[in-house]
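Trainee: Sequence unavailable; structure follows:
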C-alpha cells in the first residue's frame, strides 16, 4: 500500500513539474561588494504559484555552494530548485534573405534567380519557405586538464583531454520552395538575387524557438505546495561587481590632515535600481570562487573587463605583496623596474586585507547603477592628526661572493636598487575616526599642489599608518660598507671548514632642513649582527622562518637568481639593524654597525 502511495506521489510531482509555472521577474535589492570583484547578491520578486512552482529566466552564474532560495511568507520555504534549458519563442528582425523568406511563408512573391553568364529569371508564386532540420549531434571537443600529480606522487603536466559534446545543429535545405501554377518549384538558394513581396505589409521579423536557461522554485508551506502569490528570492555569490577605494589626503595647518575616501564601483553583473549596497573592507576566503555552480548552466564564467582580471605578472603586482593589511610596520615603497610595454593589462593591483581582519561594511542606500556603468561615490571624510617622519630603508643584498654568479644586467639591477634607496618623507596618520581605512591609492595635496600618490594600507581605528610622500631631498644620505676581517677555518660543520667574514658599515644622514627631523634607518643583511652605535636595535631571524620582506627578496628577485649552496642556511641567518634618531638642522649623524657571515671557500 505504501509503495502505491509513493508511486502516486511521484506521478503527481512529475505532473506538476511538467506544467509550466508562471514567470517571475527578479529584482536585485541588496548587494555586498568585495574588492576582488565578487559580490553577494540578493534578488526578489513576486511570484504567482502553480502547484507550488514558479520560474525565472534571470539565471545567475553563482560560485559553487553559494546559491540559496527563500520565500518570505511565514512558514513558507523553497524546498526544491530545478535548473535547466527550456524552449522559448524569440522574435527578432529579419537580417538575411533566408530569414525574410521564412517569415513571409504563404505570401505571393517574385524571386529573381540568376547565375553566372546567364540572364535573370523571375519566378512568381506562393512562397512555401525553406525546409529546416534540427537535431542533437555529438561533436568533437577538448577539455583542458590542469597539472597535478598521479597516484604515485609524480608531477603530471596538464593538457587537452579529448571528449565529445552534444550540440543542437540546425540545417537549411539548399533550395527555396515556390508554389506556381505549374506545381512546386525549387529554386537554388545561392542563385537568389532579389525577392519582391506582394502587398504593402511584408513580414520583417521572425519568431524562432530557442533553448534558454531557466530556474524553477517549488514553494511549500508545512510540507504542502503553496498557492497564490508569494514573494520569493535568491541569494548567491557571483563575480561581476567590484569597488576600488581611493583617498584624497589634504595637509592642513597645525599638524592636521583631511582624509577623504571615495569608491569607484564597476558594475558588470546586473542592473541595480534603488538597491542597498555594502562595500566590504576585507576579503573572506571563498575556496570555490573559481568554480561555477551547476545551477549556472554554464561551463565557464561570464566574460568581464580587464578590471576583473588578475594583475599582470609583468606589472607591479608582486611589489606590493608585503603591503598587505596585516598589522605590521610599514615599509617605504622600493624602486622597481618598469614593466615591459605591451604586456597583458590585468586589473589594478589593490592588495586585499589580510584574512585575519574582521570584515567592515560601508553602507550605501538607494543606489541605481545599470549593468555596464561605473560610479564614484563619497564614503567618508575625517580630519586626523599627522606627523612628518623620514625613513631610510636600505635593502638587503647578496654577499659579494655570489656576485660572480650573476650577469651584467642583474648586477645593474642590484646597483639601481641600492642607489634608489633614499630617505623617504612619510606621513604618519593616526586614525581617530570611527571606521577603519581599507587599502587603496592615496593622492596627497598641500593646498592646490599634488605632492604624489602612494598606497595607504589597512588602518584600524586608533592605529597609525605611514604613507610615503616623496624622496626627502633635504636629507642627504651616504652609505659605506667594508670587509674588515676574514678568518679561515673559523668553524667546522660536518667536517667542512668555513671562513668568518666580518663587515663594518657606516650610514651618514645630513639634515639640510630648517628644523630638526626624526629619521628611522633600517638595514637588512644576510648574517649575524654584532654591534650598532646610537643604541641601534639588532634583530636576528630564524632562516627557516624569515619572511620575504626580512631578506629583501620582495620586491627584489635576486634571492631566486641561483641555487644557493646547501650549507648556507645551516651556517648563516638573517639580521636587521635599525635606528630611530633625531638629526639637528644643519648637522649630520653617523650610524655604525657590524655583522658577520660564514662562507665555505
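Mentor: Structure's in. What do you need? Remember, it's a predicted structure, so these values are computed and weren't measured experimentally.
Trainee: what comes up buried for stretch 507-527?
Mentor: For stretch 507-527, a neighbour-count test (16 or more other Cβ atoms under 10 Å) marks 507, 509, 511, 513, 517, 519-527 as buried. All C-beta atoms are positioned from the backbone trio N, CA, C, and that covers glycine.
Trainee: Does residue 88 touch residue 209 like I think?
Mentor: Yes: counting by Cβ atoms under 8 Å, residue 88 touches residue 209, with 7.0 Å between them.
Trainee: Now flag whichever of the buried residues of stretch 507-527 is closest to residue 432.
Mentor: residue 520 (22.5 Å; Cβ to Cβ).
Trainee: more neighbours, residue 88 and residue 209?
Mentor: Higher neighbour count among residue 88 and residue 209: residue 88, with 13 against 10, using other Cβ atoms under 10 Å.
Trainee: The one helix or strand residue 249 maps to pairs with which strands, parallel or anti?
Mentor: Using DSSP states H and E, residue 249 falls within strand 241-251. Looking at strand 241-251 with DSSP bridges, its partner strands are strand 256-267 (antiparallel), strand 440-446 (parallel).
Trainee: Now flag whichever of the buried residues of stretch 507-527 is closest to residue 410.
Mentor: Nearest to residue 410 out of the buried residues of stretch 507-527 is residue 526 (Cβ to Cβ; 16.8 Å).
Trainee: ok, now how distant is the closest one from residue 539?
Mentor: As judged by Cβ to Cβ, to the nearest Å, residue 526 and residue 539 stand 14 Å apart.
Trainee: any shared contact partners between those two?
Mentor: residue 575 (Cβ atoms under 8 Å, 6 or more residues apart in numbering).
Trainee: Might you list the low-confidence residue ranges for the stretch 451-600 of the chain?
Mentor: Scanning the stretch 451-600 of the chain for pLDDT under 70 picks out 542-563.
Trainee: mind listing the helices for it?
Mentor: 548-551, 568-571 (DSSP state H, counting those that start in this stretch).
Trainee: sorry, back to before: next, format the strands paired with strand 241-251 as a markdown table and append mean pLDDT and distance to residue 78.
Mentor: Listed next are the strands paired with strand 241-251 as a markdown table, based on pLDDT from 0 to 100; distance: least, Cβ to Cβ, whole Å:
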| stretch | mean pLDDT | distance to residue 78 |
| --- | --- | --- |
| strand 256-267 | 95 | 27 |
| strand 440-446 | 94 | 39 |
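Trainee: Hmm, residue 192 is touching residue 97, no?
Mentor: Yes: using Cβ under 8 Å, residue 192 makes contact with residue 97 at a distance of 5.8 Å.
Trainee: Figure out how far stretch 125-141 is from the centre of its chain.
Mentor: Mean-position distance between stretch 125-141 and its chain equals 42 Å (Cα atoms, centre = their mean, to the nearest Å).
Trainee: buried set for it?
Mentor: 125, 127, 128, 129, 130.
Trainee: now stretch 473-483
Mentor: Applying 16+ other Cβ under 10 Å to stretch 473-483 flags 475, 477, 479, 481 as buried.
Trainee: again with stretch 167-184
Mentor: Buried, per 16+ other Cβ under 10 Å, within stretch 167-184: 175, 176, 177, 178.
Trainee: So which of those residues is the closest to residue 451?
Mentor: Of these, the one sitting nearest to residue 451 (Cβ to Cβ) turns out to be residue 176, at 73.3 Å.
Trainee: Compute the number of surrounding residues for the residue lying closest to residue 370 once chain neighbours are set aside.
Mentor: Leaving aside its sequence neighbours, residue 370 sits nearest to residue 271 (Cβ to Cβ, 6 or more residues apart in numbering; 5.0 Å). Number of residues near residue 271 (other Cβ under 10 Å) recorded here: 14.
Trainee: Look up phi and psi at residue 271.
Mentor: phi -70, psi 140 (degrees, to the nearest 10).
Trainee: residues in contact with it?
Mentor: Counted by Cβ under 8 Å, 6+ apart, residue 271 has contacts 28, 369, 370, 371.
Trainee: What's the separation between it and residue 27?
Mentor: Taking Cβ to Cβ, one finds residue 271 at 9 Å from residue 27.
Trainee: what does residue 309 give?
Mentor: 29 Å.
Trainee: In terms of neighbours, single out the busier of these two.
Mentor: Ranked by neighbour count (other Cβ under 10 Å), residue 309 and residue 27 place residue 27 first, with 17 against 13.
Trainee: what bridges to the more buried one?
Mentor: residue 44.
Trainee: got it, and residue 443?
Mentor: In beta-bridge terms (that is, DSSP bridges), residue 443 pairs with residue 248, residue 453.
Trainee: Give me the contacts around stretch 460-474.
Mentor: By Cβ under 8 Å, 6+ apart, stretch 460-474 touches 249, 327, 330, 332-333, 389-391, 422-437, 442, 444, 451-452, 454-457, 459, 511-513.
Trainee: what about the nearest residue to residue 500 once chain neighbours are set aside, distance to residue 483?
Mentor: Among residues not flanking residue 500 along the chain, residue 490 sits closest, at 3.5 Å (Cβ to Cβ, 6+ apart). Residue 490 is 14 Å from residue 483, where distance means Cβ to Cβ.
Trainee: now swap in residue 160 and tell me
Mentor: 56 Å.
Trainee: Kindly report the same for residue 382.
Mentor: 51 Å.
Trainee: Please name the residues that touch residue 401.
Mentor: Residue 401 touches residue 599, counting by Cβ under 8 Å, 6+ apart.
Trainee: tell me, which strand in the chain spans the most residues?
Mentor: When the chain is parsed with DSSP state E, its longest strand is strand 374-394.
Trainee: Can you mark which positions in that strand are buried?
Mentor: 375, 377, 379, 384, 386, 388, 389, 390, 391, 392, 393, 394.
Trainee: tell me the contacts of residue 34?
Mentor: 40, 242, 280, 283, 284.
Trainee: Revised request: answer the last question for residue 111.
Mentor: So residue 111 contacts 122, 123, 124, 127, 176, 178, 187, 192, 194, 195, 196 (Cβ under 8 Å, 6+ apart).
Trainee: Weed out the non-buried ones from these.
Mentor: 127, 176, 178, 187, 192, 195.
Trainee: can you pull the contacts of residue 192?
Mentor: Contact partners of residue 192, counting by Cβ under 8 Å, 6+ apart, are 97, 111, 112, 113, 176.
Trainee: Pull the number of nearby residues for the third one.
Mentor: Residues near residue 112, counting by other Cβ under 10 Å, number 15.
Trainee: Is it in contact with residue 187, as I believe?
Mentor: No: using Cβ under 8 Å, residue 112 is not in contact with residue 187; the gap is 9.7 Å.
Trainee: Quick check: neighbours shared by the two?
Mentor: residue 123.
Trainee: ok, back up a step: by pLDDT, give me the weakest of the contacts of residue 192.
Mentor: Taking the contacts of residue 192 together, the minimum pLDDT is found at residue 97 (83).
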